[in-house]
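Asker: Dropping the sequence and predicted coords here.
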Amino acid sequence: MAESDGPDQVARPAVIPDRSMIVLYGSEMGNAEDIAIEIGQLTQRLHFQTTVDEMDNFKLSDLLRASLVIFVTSTTGQGDMPKNTLKFWKNLRREKLNNTNCLGSLRFAIFGLGDSSYQKFNWAARKLQVRLLQLGASEFFRAGEADERHDNGIDSIYLPWYQDLRAALLSDFPLPDSVTPIPDDIQLPPKYLVKLSSPIMALPALSARRSHVDRAPSAEERIQEDIERKSPKFPGWFARENEAWETINKRSVDTLDKDNILKDYPEKYLLEKSDDVSEPVKPFVDELKVPGGYTAYLSDYTRVTPKDHWQDVRLLRFEFYGELERLKAIQDWGGQLNLTIYPKNSQDDVEELISMMGWQSVADTPLEIPVMPKRLHLAGGEDATTIRTLLFHSLDFTAIPKRNFIRELAHFTDIELEKERLRELTDSVNIQEYYDYACRPRRTILELLRDFPGVKIPHERILDLFQPIRGREFSVASGGASLRGKTAQSDDDDDVVDCCLRMEILVAMVEYKTIIRKPRQGLCSRYIKTLKPGSFLTVSVESSSLPRLVSQLWSRRPMIAVATGTGIAPIRALVQERSNWPSPGDTLIFYGCRNRAADYYFENEWKQHSNVAIFPAFSRDKDQISPKPAATTVKANDWLTARIPDQTFKVDKPQYDDNKNYVQHLIRQKAETVLHFLKQGPIVCVCGNAGRMPVSVRNAFLDVLVSTGHCENKEAAARWFDNPKNLTFWQECW
Ligand SMILES: Cc1cc2nc3c(=O)[nH]c(=O)nc-3n(C[C@H](O)[C@H](O)[C@H](O)COP(=O)(O)O)c2cc1C
């Protein structure tokens, strides 16, 4: 029988022999982790003693202790396992385990998250499944594979799978007669409770130190929000009513959900002036404690798109000082790096949340945190942590609320109408309700809480309810010399500062209006926009998912790079890094952007590399349908200087391609050149927008192989292209 904790209505799973579950996840950006947490809650409600954790925290022998194990993993890189599974995966693949049937008693299920625009769709889950089966484990429930490209994203596959899993668990592992599942209106025990360490020991309010990411909503926004809040409809319903839902055509609504919406239809969602979203305040020293983090000095911060261009893209330069040994490790990776920035919330949002929740009297009291959530980065010492510092530095309340979060809120309101609406929104049989309310308009947690004023989250549950802010990763846009020589000096010339490296990133600010016509700005864009040269901030730097492409040997290999938008950043890093080695290989770049004048990033730099030819595809410049290579003083490169006749191919082109000038068209037009490269065992990189681009680019390569007679037909071309003996392929799309 479930044990209830009295008035709070908290119930623990009943202790039933041989009824335990381990849910293990592998996740890069949290999607798989969210799903694992949700599955863990489900199995607790079905009275399984449940543990949810990262795969890397588990040994193989630990797996055999549970009755059942569910694996949830995304795929990253080129069909690779996420970072937090690598140890576990290495263990699992040990040769000495072959033919041992060592997992013979393991019963498991697996759910994969992937994106079908990647060639190796859901490979991590598939590889894991195959290996577990090889080692004797058996599946107690069918595997699921979610695809981010689906209309309703991951949920389209996940929610029906979740429903079926629940049914299967109940029927195949029935509960004793006296026990029933814990209903959704009863809370499960919290995992991360915080305590006020001493109610009288309030620290000085952080508000004394104003954030540099402040911006109060404008008067009009406040009035508009007030009107919406007073809507007589159920809370949260106005979203649909006020938006003249029916008048919004289907296509634009669907595409709104995609990250690259701005690239496709910016004119519809554009803010009048990007400057109206936030204003920079004074620089600020960040003191976030990130394991393995570096303090980086922001030495330059330049807008690289014209002021009148719809998108604000900035080149940020960071300098790193001291800690020579650690910095050397970064240098060794050349240009193949990702830099992570940890954004913060705005002070005004923090104040608003504190006041909405009624936390004013406890906001500045130091907290005791008995169990520290993973990935939580605190500012200052643990003993200086308060609700206010957590909200400012560490917890994400401007993300789109997850279903789990909304479901939990129903416990924290006394208003029946609110409870009912919150439950409706998270009913897993009704995907659309949640999607329309939360995902399509990209409503934030803060906005949701405004819609449900009866919700008062107990301050003890703050870490249990809100997720830690995740750092945002950017591909490093520089390599070679900028990652090496001494780059800075202090004011005093004699005093040479021990500066080892400099790194640049190219950041497209995420600003848009959604169907609810409110300006939106990504948490990180908002934060970055308020930075100024001279700021210090905590960042981390890691090698990217690329196979190691720079060394003397690799740098000699020819390279074909295809990039769109800010996807040119890692390509620039590779080009710079390769140029650091003697005789770098010839490099062909197909670069897709909108206008030569607006977003042809680094146009003048390519000329400095005699081994590089770049073919830009300007999708909005009408006179650019058949561009000449923007290449440079090339050493007698036949492939480049020769006039290569444009090819006309009979190919099955999708409609959206018509009359457009995209990278895939250029690849086909330059078929002979491309083939010349392909025959030399090149590195082929594709970076930029996920979705149609990578698929279209792949098709273009296959067309090249067929139309030039190198392969007989498309199937043979696909086999040739996918054979690692012929080329090294790398894709990084988002
Ligand atoms: C850099 C990168 C590489 C990816 N590579 C693949 C891939 O090879 N195959 C695939 O099916 N999905 C791939 N994906 C898609 C992710 O698996 C998908 O976005 C998933 O929802 C991420 O979940 P997570 O946040 O738990 O990592 C990739 C995504 C990124 C950003």
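Answerer: It's in.
Asker: hmm, the helix or strand harbouring residue 40 touching the ligand?
Answerer: When elements are assigned from DSSP states H and E, residue 40 belongs to helix 31-45. Yes. Counting by CB under 6 Å from any ligand atom, the ligand is contacted by helix 31-45 at 31, 32. In short, each C-beta sits where N, CA and C put it, glycine included.
Asker: What residue in this protein comes nearest to the ligand?
Answerer: Nearest to the ligand in the chain, going by CB to the nearest ligand atom, is residue 114, at a distance of 2.4 Å.
Asker: avg pLDDT for the helix holding residue 40?
Answerer: For helix 31-45, mean pLDDT is 95.
Asker: which neighbours does the next helix or strand after that helix have in its sheet, and in what orientation?
Answerer: Tracing the chain C-terminally past helix 31-45 and defining elements by DSSP H and E, one meets strand 49-54 next. In the sheet, strand 49-54 lines up against strand 20-26 (parallel) (DSSP bridges).
Asker: and the angle for the partner strand with helix 31-45?
Answerer: Here strand 20-26 points in a direction 170 degrees away from that of helix 31-45 (axes from the mean of the first three to the mean of the last three CA atoms, to 10 degrees).
Asker: I'd guessed residue 138 sits against residue 106; true?
Answerer: Yes. With contacts defined as CB atoms under 8 Å, residue 138 counts as touching residue 106 at a distance of 7.4 Å.
Asker: tell me what the helix holding residue 40 is packed against?
Answerer: strand 20-26, strand 49-54, strand 68-74, strand 107-114, helix 155-172, helix 403-409 (3 or more CB pairs under 8 Å, 6 or more residues apart in numbering; DSSP states H and E).
Asker: got the CA coordinates for it in CSV?
Answerer: Presented in CSV, the C-alpha positions along helix 31-45 are these (Å, rounded to 0.1, in the frame of the first residue of the first chain):
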residue,chain,number,x,y,z
ASN,A,31,15.8,16.1,-24.1
ALA,A,32,16.5,12.5,-23.2
GLU,A,33,17.1,13.4,-19.6
ASP,A,34,13.6,15.0,-19.4
ILE,A,35,12.0,11.9,-20.9
ALA,A,36,14.0,9.7,-18.5
ILE,A,37,12.7,11.7,-15.5
GLU,A,38,9.1,11.5,-16.8
ILE,A,39,9.4,7.7,-17.2
GLY,A,40,10.9,7.5,-13.7
GLN,A,41,7.9,9.3,-12.3
LEU,A,42,5.6,6.9,-14.2
THR,A,43,7.3,3.8,-12.8
GLN,A,44,7.2,5.2,-9.3
ARG,A,45,3.5,5.7,-9.6
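Asker: Which parts of the stretch 601-734 of the chain are helices?
Answerer: Listed in chain order, the helices of the stretch 601-734 of the chain (DSSP state H, counting those that start in this stretch) span 638-641, 663-669, 671-678, 692-707, 714-722.
Asker: Show me which residues of this structure are close to the ligand?
Answerer: So far as CB under 6 Å from any ligand atom goes, the chain lies against the ligand at 27-32, 74-79, 82, 113-115, 118, 120-123, 148, 154, 545, 732, 734.
Asker: Give the PyMOL command for selecting the buried subset of those residues.
Answerer: In PyMOL, a selection of the buried entries from the residues of the chain next to the ligand looks like this (16 or more other CB atoms under 10 Å):
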select buried, resi 27+28+30+31+32+74+75+76+77+78+79+82+113+114+115+118+120+121+122+123+148+154+545+732
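Asker: Between residue 138 and residue 106, which is the more surrounded one?
Answerer: Neighbour totals were compared for residue 138 and residue 106, and residue 106 leads with 21 against 12 (other CB atoms under 10 Å).
Asker: Do you know the pLDDT at the nearest residue to that one once chain neighbours are set aside?
Answerer: Distances taken as CB to CB, 6 or more residues apart in numbering place residue 137 nearest to residue 106, at 3.9 Å, with adjacent residues excluded. Looking at residue 137, its pLDDT reads 96.
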